[in-house]
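Colleague: how would this look folded up:
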Amino acid sequence: MSDIRSVVDWLIDGARFGSLSEDVLAELCRRMADSGVPLWRVAVFVNTLHPDVIGRAFIWQVDTGVKITEAQ
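Modeller: Numbering: from 1, shown residues only. All right, here's what the predicted structure looks like:
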């Protein structure tokens, strides 16, 4: 891992990149991979306050990007 500090600084600064959650996740994964972290898949699960959606799963894979699924 060559320079993960730049990724940490980007996160501390608010991870400004795009307005969609999936864009931020894709950018985070790109930055981590560019820093030498060997990523193939990353999963983030978020509970929501939506009355019809319990939560969302954001799955990033190196070859397909971010896919979003919802739990009803």
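Colleague: Please make it C-alpha for all contacts and neighbour counts, starting now.
Modeller: OK.
Colleague: and stretch 44-55, how far from the chain's centre?
Modeller: How far stretch 44-55 lies from its chain's middle: 16 Å, per C-alpha atoms, centre = their mean, to the nearest Å.
Colleague: tell me how far the ends of it are from each other?
Modeller: Using C-alpha to C-alpha, to the nearest Å, one end of stretch 44-55 lies 11 Å from the other.
Colleague: Rounded mean pLDDT for it, please.
Modeller: The average pLDDT within stretch 44-55 is 90.
Colleague: Contact partners for the spatially most central residue of the chain?
Modeller: Central residue of the chain (C-alpha atoms, centre = their mean): Leu25, 2.1 Å from the mean position. Leu25 makes contact with Trp60, Val66 under the criterion C-alpha atoms under 8 Å, 6 or more residues apart in numbering.
Colleague: again, but for Arg56
Modeller: By C-alpha under 8 Å, 6+ apart, the contact list for Arg56 reads Phe45, Val46, Asn47, Thr48, Ile68, Thr69, Glu70, Ala71.
Colleague: give me that answer again for 10 Å
Modeller: Val44, Phe45, Val46, Asn47, Thr48, Ile68, Thr69, Glu70, Ala71, Gln72 (C-alpha atoms under 10 Å, 6 or more residues apart in numbering).
Colleague: Going along the chain, name the strands of this protein.
Modeller: 41-47, 55-61, 65-71 (DSSP state E).
Colleague: still on that earlier bit, what pLDDT does the residue nearest to the centre of the chain get?
Modeller: You'll see Leu25 listed with a pLDDT of 95.
Colleague: quick one: it from Lys67, how far?
Modeller: 11 Å.
Colleague: Now list whatever residues contact both of the two.
Modeller: The contact lists of Leu25 and Lys67 share Ala43, Phe58, Ile59, Trp60, where a contact means C-alpha under 10 Å, 6+ apart.
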